[in-house]
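1. sequence and predicted structure below; questions after.
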Amino acid sequence: MTEHIVILTGAGISAESGLGTFRDEGGLWAQHRIEDVATPEGFARDPELVQRFYNMRRAEAVKAAPNAAHRALAALEAVHDVLIVTQNVDGLHEAAGSKNVLHMHGSLARAMCATCQARWDAPLVMTVSDACPSCGAKATRPDIVWFGEIPYGMEKIDAALSQATLFASIGTSGNVYPAAGFVAEARRLGVPTVELNLEPSAGYSMFDEVRIGPASETVPEWVA
Ligand SMILES: CC(C)NC(=O)[C@H](Cc1c[nH]c2ccccc12)NC(=O)[C@H](CCCC/N=C(/NCCC(=O)O)S[C@H]1O[C@H](COP(=O)(O)OP(=O)(O)OC[C@H]2O[C@@H](n3cnc4c(N)ncnc43)[C@H](O)[C@@H]2O)[C@@H](O)[C@H]1O)NC(=O)OCc1ccccc1
């Protein structure tokens with residue numbers, strides 16, 4: 001029987017590919033203040049600092065390779081109807097072969113004009129003097145959803161949850177909304193829920209099943 005599976009992923013699924021998570025020891029938020037690098041106010045205050053932060057993230061992401069967890073989810077698409085809703089801005093799901101991926105917090109691979117909202121493929125290194133190819137304004141920013149901004153694809157996510165036969169959450173601490181609220185929505189809809197994480201997340205008690213361990217081990221086991 002074909003399952004309709006909605007899979008939420010976070011930084012933990014890319015940790016074993018060498019990409020830092022946010023809240024773990026020495027994680028991104030230990031080295032950078034969210035207010036400075038991941039808010040529209042921070043970008044207005046110091047766009048150079050923000051561009052440097054995301055140039056660093058982009059340089060790391062292009063060097064990284066998908067791990068067994070990404071590959072297992074790509075294989076799942078061949079058997080079931082899968083929508084991956086990722087909070088990650090790296091391209092490792094697509095690099096592993098997943099086709100149905102929704103980047104609810106944007107992508108390092110895209111740039112955006114803060115003036116006209118035009119979007120285009122980001123160069124490896126973005127600078128504050130980059131001009132918008134559409135309106136010429138020098139207000140280009142990474143096409144990333146910052147705190148206080150509306151995530152992408154909320155309608156598609158709500159529609160998929162209302163059709164889902166299974167909701168899974170992989171490698172996320174469950175601290176950032178609206179993503180952290182999806183499990184409650186799935187429960188409200190009577191959809192079975194499972195969490196796969198290195199440690200219980202903030203919302204672990206809301207899941208029907210919790211599997212603890214590194215994603216490169218737990219995800220292939222869960223998919224098998
Ligand atoms: C801090 C928090 C309290 N604040 C928010 O949630 C805010 C405000 C808010 C809204 N609603 C609320 C309700 C209550 C309280 C606050 C709010 N939310 C917003 O501003 C959002 C926008 C939030 C998006 C911000 N941008 C990001 N990213 C892009 C940037 C960038 O990447 O630089 S968030 C960023 O941080 C979050 C990090 O979380 P995780 O990915 O989970 O990473 P973390 O390090 O925390 O955890 C890693 C986990 O993996 C595990 N792990 C580690 N290694 C492994 C391993 N090897 N295997 C398995 N697991 C592993 C660890 O154990 C750990 O549990 C991700 O979402 C990530 O994308 N916008 C919005 O709400 O708009 C309105 C709206 C709402 C609904 C509908 C319409 C409009």
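-> Right, received. Where do you want to start?
2. from now on I want contacts and neighbour counts done on CA atoms only, so please keep to that.
-> Fine.
3. from residue 16, how far out is residue 23?
-> Distance, residue 23 to residue 16, by C-alpha to C-alpha, to the nearest Å: 15 Å.
4. compare the two (neighbour count), which wins?
-> residue 16 (18 against 14; other C-alpha atoms under 10 Å).
5. now that one: closest residue in space, sequence neighbours ignored.
-> Using C-alpha to C-alpha, 6 or more residues apart in numbering and skipping residues adjacent in sequence, the residue nearest residue 16 is residue 67, 6.7 Å away.
6. tell me, what's the model's pLDDT at the one you found?
-> Confidence at residue 67, expressed as pLDDT, is 98.
7. C-terminal to the lengthiest helix in the chain, what's the next element?
-> Taking DSSP state H as the criterion, the chain has its longest helix at helix 47-63. Sequence order places helix 68-76 as the next helix or strand after helix 47-63, per DSSP states H and E.
8. tell me what that following helix is packed against?
-> Applying 3 or more C-alpha pairs under 8 Å, 6 or more residues apart in numbering; DSSP states H and E, we find helix 68-76 packed against helix 92-95, helix 215-223.
9. can you pull the buried residues of it?
-> Neighbour counts over helix 68-76 (16 or more other C-alpha atoms under 10 Å) mark 68-76 as buried.
10. ok, now stretch 129-149?
-> Those would be 130, 132, 138-147, for stretch 129-149 by 16+ other C-alpha under 10 Å.
11. doesn't residue 69 make contact with residue 13?
-> Yes. Between residue 13 and residue 69 a contact is recorded at 6.8 Å, counting by C-alpha atoms under 8 Å.
12. what touches both of these two?
-> Taking C-alpha atoms under 8 Å, 6 or more residues apart in numbering as the criterion, residue 13 and residue 69 both touch 215-216.
13. if we can go back for a sec, list the contacts of the residue nearest to residue 16.
-> Contacts of residue 67 by C-alpha under 8 Å, 6+ apart are 14, 16-17, 96, 216.
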